[in-house]
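1. Predicted structure and sequence below. I'll ask about it afterward.
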Amino acid sequence: MPVTKLQVVPLGGLGEFGMNCMAIRWGDDIIVIDAGLMFPEAELLGVDIVVPDITYLLENRQQVRAIVLTHGHEDHIGALPWILSELNVPVYGTEFTLAYVEGKLEEHALLDDAELNEIKAGERFRIGPFTINPIQVTHSLVDCVALAIHTPLGIIIHTGDFKVDPTPTDTRLFDLHSFAEYGKEGVLALFQDSTNVERRGYTPSERAVRARFQEILARAERRVFISCFSSSVHRIKLAIDEAMESGRKVSVVGRSMLESTEIAQDFGYIEVPEGVLIHPAQMRELPRDKVCVLISGTQGEPMSALSRAAVDNHKHARIEPGDTVVLSSRIIPGNEKAIYRVIDHLFRRNAHVIYDDGSSPPVHVSGHASQEELKLIINLVKPRYFIPIHGEYRQLKLHAELAAAMRGSVGQVMMVESGDILEFDELGARKAGRIAVGRVCIDSNSMGDVVEDLVIRDRRHLSEDGIVLPIIAINKLTGRVESAPEIVMRGFAAGEDGFLDGARQTVMTTLEASSDEEKGDYGMIKEKIRQDLKRFIVKNTSRRPLIMPVILEV
Ligand SMILES: [Zn+2]
Ligand SMILES: [Zn+2]
């Protein structure tokens, strides 16, 4: 390839939700922006996470210099353990982003071999032919940056995820000045977040939920449970501040929520006076109206703290009649069923449930820019080429149309999807072919363990380790298990005698240990069975078949 061409190759995130990852190449040097995952859809039972196919990077492994991260959300860093285990290159990210990354790599025993480099907004750094300037932006998470990448052919700007929040809770302001200065200097291409292109106007500031939290906490006569994404640091801060203000102690429940709160405290984003945070076990000693619980699990994840509390199966977080439960998050498309199931359980416990129903003041605000903010950035940057990123196809398309209507601010709009090679040179920009991309489904307990790749790649794993289907007959009316579970296996050799009995017994034990309410919640009971059976099979056979529980209603 002649050295005078700049290539931008999205490996994921364009035309799909999640899995953001983009390669930028100049000659023999490639840098990768973000390494995100996608959460599997419900029909991918047996799969923990989905990551981008990185065949392109592996085929060019000698050229890949680094991975640069815009912020710490899972759809931007979640695939790092998987990618680093295949391709160990230096990682660049802000302090807060790297704190999340460290936890993740530690979990997979990859931290010792990883080279992590901290970057700061406004401090340029160099990787090969690229000089990169991280620009402070605002989002639902803290310490997020856009990246201005100086290439031999000109400057390209990748916005990362953002909204223009004029009053972030950490008062680290969106650096509009830098965007404007680059606009004056001249920008070759702007790659901009498309998530909220369908929304008119401006996205409200994170502070907008404060009024609602105040109202809820003041009115509640019993415990208040607040659930939000564990990474929503602004939200956690507001919840803790307002809970304190209302005279309540705060208990943090759920691993991810706990981790996130600790990291945010370590870096000074959240300051909590001594004595405010209490251990979940201390809750019961306090008057009901003196407790606020931050709890993880806004998306109805079957094993999350909130889901378990909703079916009265959490050791400490017990939801009693008259308690208030706030879901301070949006319903991610695809999760509706699971979330409403949890909400139903909460109603059954006679809790007041408050979720994002469009009322004002809001109980949740988005972290992504609406139309007017998107236009504002385009106006400031005035790129020669505009490329929508981070969105499903319709969002990319609508964003392209929005930009194309801004004559005078945008030279030319280019639509690309994951796998397209976008090429720039002195003559202009064009699509120059495609590379293989796709989704790789992973069993997150072991990074080397590709369960199944839905789109292309091999099915080796399936044929080696096979499938196990535990079949359980449950009486819809009584919630009773009607007969002993059947275990059907394909391509999986059971090995020792007694394995089948053991597997059946494992499923029985799980069922016996579950309440009728849990058994009536098929999503949850399937996940419990899957996890317990997986543990049993790994322990007894060291194999990792795909486990797909089937519930028969009788
Ligand atoms: Zn994102
Ligand atoms: Zn994000």
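-> Received the coordinates, thanks. Because the structure is a prediction, the values reported are computed rather than measured. Ligands and ions are numbered 1, 2, ... in the order given.
2. For the residue of the stretch 151-300 of the chain found nearest ligand 2, give me phi and psi.
-> Ranked by C-beta to the ion, the top residue of the stretch 151-300 of the chain for proximity to ligand 2 is Asp161, at 3.4 Å. (Glycine included, C-beta is placed from N, CA and C.) Main-chain torsions, Asp161, degrees, to the nearest 10: phi -90, psi 140.
3. Hmm, it is touching Ser366, no?
-> No - using C-beta atoms under 8 Å, Asp161 is not in contact with Ser366; the gap is 10.4 Å.
4. From the neighbour counts alone, determine which of the two ranks first.
-> Ranked by neighbour count (other C-beta atoms under 10 Å), Asp161 and Ser366 place Asp161 first, with 24 against 18.
5. ok, now which ones touch that one?
-> Residues in contact with Asp161 (C-beta atoms under 8 Å, 6 or more residues apart in numbering) are 70-71, 73, 76, 137, 139, 144, 193, 195, 367-368, 390.
6. by contact count, what packs against the helix or strand containing Leu533?
-> Assigned by DSSP states H and E, Leu533 belongs to helix 522-541. Applying 3 or more C-beta pairs under 8 Å, 6 or more residues apart in numbering; DSSP states H and E, one finds that helix 522-541 contacts helix 336-348, strand 467-474, helix 499-512, helix 516-520, strand 546-547, strand 550-553.
7. Show me the contact partners of stretch 475-492.
-> If you take C-beta under 8 Å, 6+ apart as the criterion, stretch 475-492 is touched by 462-474, 500, 503-504, 507-508, 511, 516-517, 519-520, 543, 545, 553-554.
8. who touches both of Asp161 and Ser366?
-> Residues touching both Asp161 and Ser366 (C-beta under 8 Å, 6+ apart): Thr195.
9. ranges for the helices of the stretch 51-200 of the chain?
-> Using DSSP state H, counting those that start in this stretch, the helices of the stretch 51-200 of the chain run over 55-59, 74-77, 80-86, 95-107, 176-185.
10. Can you tell me which of those is most buried?
-> helix 74-77 (a mean of 24; mean count of other C-beta atoms under 10 Å).
11. and this protein, which residues reach ligand 1?
-> Applying C-beta under 5 Å from the ion, we find that the chain lies next to ligand 1 at 75, 161.
12. hang on, the earlier thing: turn the helices and strands packed on helix 522-541 into a markdown table, including mean pLDDT.
-> Output for the helices and strands packed on helix 522-541, formatted as a markdown table (pLDDT from 0 to 100):
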| stretch | mean pLDDT |
| --- | --- |
| helix 336-348 | 93 |
| strand 467-474 | 86 |
| helix 499-512 | 90 |
| helix 516-520 | 81 |
| strand 546-547 | 80 |
| strand 550-553 | 85 |
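13. And what about Ile263, helix, strand or coil?
-> Secondary structure for Ile263, judged by DSSP: H, G, I helix; E, B strand; the rest coil, is helix.
14. Any figure for the gap between whatever residue of the stretch 401-550 of the chain ends up closest to ligand 1 and Glu274?
-> Across the stretch 401-550 of the chain, the shortest distance to ligand 1 (C-beta to the ion) belongs to Ser418, at 14.2 Å. Ser418 sits 49 Å away from Glu274, going by C-beta to C-beta, to the nearest Å.
15. Those two: who's more crowded?
-> Ser418 (24 against 5).
16. was I right about the more buried one contacting Gly18?
-> No - the pair Ser418 / Gly18 is not scored as a contact, 11.0 Å apart, by C-beta under 8 Å.
17. Between these two, which contacts overlap?
-> Common neighbours of Ser418 and Gly18 are listed as Gly12 (criterion: C-beta under 8 Å, 6+ apart).
18. Which helix or strand contains the residue nearest to Leu294 when sequence neighbours are not counted?
-> Leaving aside its chain neighbours, Leu294 sits nearest to Val252 (4.8 Å; criterion: C-beta to C-beta, 6 or more residues apart in numbering). Taking DSSP H and E as the criterion, the element that holds Val252 is strand 249-253.
19. what's that strand packed up against?
-> Strand 249-253 sits against helix 233-245, strand 277-278, strand 291-295, with contacts defined as 3+ C-beta pairs under 8 Å, 6+ apart.
20. That one: partners in the sheet, and parallel or antiparallel?
-> As defined by DSSP bridges, the strand partners of strand 249-253 come to strand 277-278 (parallel), strand 291-295 (parallel).
21. Mind listing residues that contact the shortest one?
-> Translated: strand 277-278. 249-252, 286.
22. my read: Pro168 touches Val233, true?
-> No - in this structure, Pro168 is not within contact of Val233 by C-beta under 8 Å, at 10.0 Å.
23. Touching both of the two, which residues are there?
-> In contact with both Pro168 and Val233: Val142, using C-beta under 8 Å, 6+ apart.
24. more neighbours, the two?
-> Of the pair Pro168 and Val233, Val233 is the one with more neighbours under other C-beta under 10 Å, namely 28 against 22.
25. From His73, how far off is that one?
-> 11 Å.
26. which residues do the two both contact?
-> In contact with both Val233 and His73: Leu141, using C-beta under 8 Å, 6+ apart.
27. Could you tell me the model confidence score at whatever residue of the stretch 1-150 of the chain ends up closest to ligand 2?
-> Relative to ligand 2, the nearest point of the stretch 1-150 of the chain is His73 (3.6 Å; C-beta to the ion). We have a pLDDT of 96 for His73.
28. and it, what is it in contact with?
-> Shown in contact with His73 (C-beta under 8 Å, 6+ apart): 36, 141, 161, 231.
29. cool, Arg61 as well?
-> With C-beta under 8 Å, 6+ apart, Arg61 has these contacts: Leu87.
30. List the contacts of the most centrally placed residue in the chain.
-> Nearest to the mean C-alpha position of the chain, counting by C-alpha atoms, centre = their mean, stands Glu74 at 3.4 Å. Listed by C-beta under 8 Å, 6+ apart, the contact partners of Glu74 are 18, 36-37, 39, 231.
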